[in-house]
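Chemist: The sequence and its predicted three-dimensional model are supplied below.
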Amino acid sequence: MKMSGNAISEQMSTGNKDDEKMIESKMTARLVGVLFIIGTVAGILSVLITGSIFSGSDYLVKVFENQNQIVTGAFCILVMGLSLALVPVVVYPILKKHNRTLALGYVVFRGGLETLTYVLQVMVFLLLIILSRENADAAVSDASYFKNTGTLLLKGVDIVAAVQSIVFSLGALMLYYVFYRSRLIPRWLSGWGVVAAILCLANGVLQMYSSGVGMLALPMLPQEMVMAAWLIIKGFNPIAIASAPAKPETN
């Protein structure tokens, strides 16, 4: 009877641990989905708010006249960067059970390097505000100097965007490869992510040669939103969570 009681107690303890693991994975999945949505919405808002201001030869005048919009756009970029930086941190405990090396790589690329590119963009936006104020107070003869400096800053944003696209794509490839192998999400969804990440990577490389094709990056936007909705509603595959190997892959 004693052995039988111990066996029952052990079984109940295992069952409770499995239940806790499932609840934790669902909470993690929902948080990841929400962070993806916040980051994407903030990024779209930043483009809508600031997109037309930087066009035309009189962009410094527009920046000076719309300083609050520029600050708001910069804030949106910061929200996007911080939201997306939290994703690899939150999902790391789950990913590391399937591939520790790629899980860590995902944290480095999307949590560290990509976040740095967003911070650089915010700094450029704020520097353009300072430059526009100096331009407004300067003599007409100095206008070309401020305009050339502003153009250089905007070109810097383009370079940062190209690097960001490459860093983002490599991080995304790590994530979706682990998802595909582990079946944490449906394979059609993780496969879509792999293809979209490869297209984004190609666009980033082309941008480095000043010949980027923006259409290549488009498949990633709906993929991330579909995945975010899936994670919020369905969560991670409970079978994949329960069957996570005790010793994860490291290659």
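Modeler: Done, it's in. Numbers count the residues shown, from 1 in each chain.
Chemist: Output stretch 152-160 as PDB, restricted to C-alpha atoms.
Modeler: Provided in PDB are the C-alpha atoms of stretch 152-160 (Å, rounded to 0.1, in the frame of the first residue of the first chain):
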ATOM      1  CA  LEU A 152      23.700  62.900 -44.800                       C
ATOM      2  CA  LEU A 153      21.700  62.000 -41.700                       C
ATOM      3  CA  LEU A 154      18.800  60.700 -43.800                       C
ATOM      4  CA  LYS A 155      21.200  58.600 -45.900                       C
ATOM      5  CA  GLY A 156      22.500  57.200 -42.600                       C
ATOM      6  CA  VAL A 157      18.900  56.100 -41.800                       C
ATOM      7  CA  ASP A 158      18.800  54.300 -45.100                       C
ATOM      8  CA  ILE A 159      22.000  52.500 -44.300                       C
ATOM      9  CA  VAL A 160      20.800  51.600 -40.800                       C
END
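Chemist: quick one: that stretch to chain centroid distance?
Modeler: 20 Å (CA atoms, centre = their mean, to the nearest Å).
Chemist: contacting residues around that stretch?
Modeler: Stretch 152-160 is contacted from outside by Phe54, Tyr59, Thr117, Leu120, Gln121, Val124, Leu127, Leu128, Leu131, Gln207, using CB atoms under 8 Å, 6 or more residues apart in numbering. All C-beta spots, glycine's among them, are computed from the backbone N, C-alpha and C.
Chemist: May I have stretch 109-120 exported as CSV, CA atoms only?
Modeler: Backbone C-alpha positions of stretch 109-120 (Å, rounded to 0.1, in the frame of the first residue of the first chain) are rendered in CSV as follows:
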residue,chain,number,x,y,z
PHE,A,109,20.2,39.3,-33.1
ARG,A,110,16.7,40.5,-32.4
GLY,A,111,17.1,41.4,-28.7
GLY,A,112,20.4,43.2,-29.0
LEU,A,113,21.6,44.1,-32.5
GLU,A,114,18.2,44.9,-34.0
THR,A,115,17.3,47.1,-31.0
LEU,A,116,20.5,49.0,-31.5
THR,A,117,19.4,49.9,-35.0
TYR,A,118,16.1,51.3,-33.7
VAL,A,119,17.9,53.4,-31.1
LEU,A,120,20.1,54.8,-33.9
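Chemist: What residues of it count as buried?
Modeler: Neighbour-count burial for stretch 109-120, counted by 16 or more other CB atoms under 10 Å, picks out Phe109, Arg110, Gly111, Leu113, Glu114, Thr115, Thr117, Tyr118, Leu120.
Chemist: Now the third one: phi and psi?
Modeler: Spelled out, it's Gly111. phi -80, psi -30 (degrees, to the nearest 10).
Chemist: any idea how far it lies from Asn148?
Modeler: 36 Å (CB to CB, to the nearest Å).
Chemist: just the second one next, same as before
Modeler: Applying CB to CB, the value for Arg110 to Asn148 is 34 Å.
Chemist: coming back round to it: narrow the contacts of stretch 152-160 to just the buried residues.
Modeler: Phe54, Tyr59, Thr117, Leu120, Gln121, Val124, Leu128, Leu131, Gln207.
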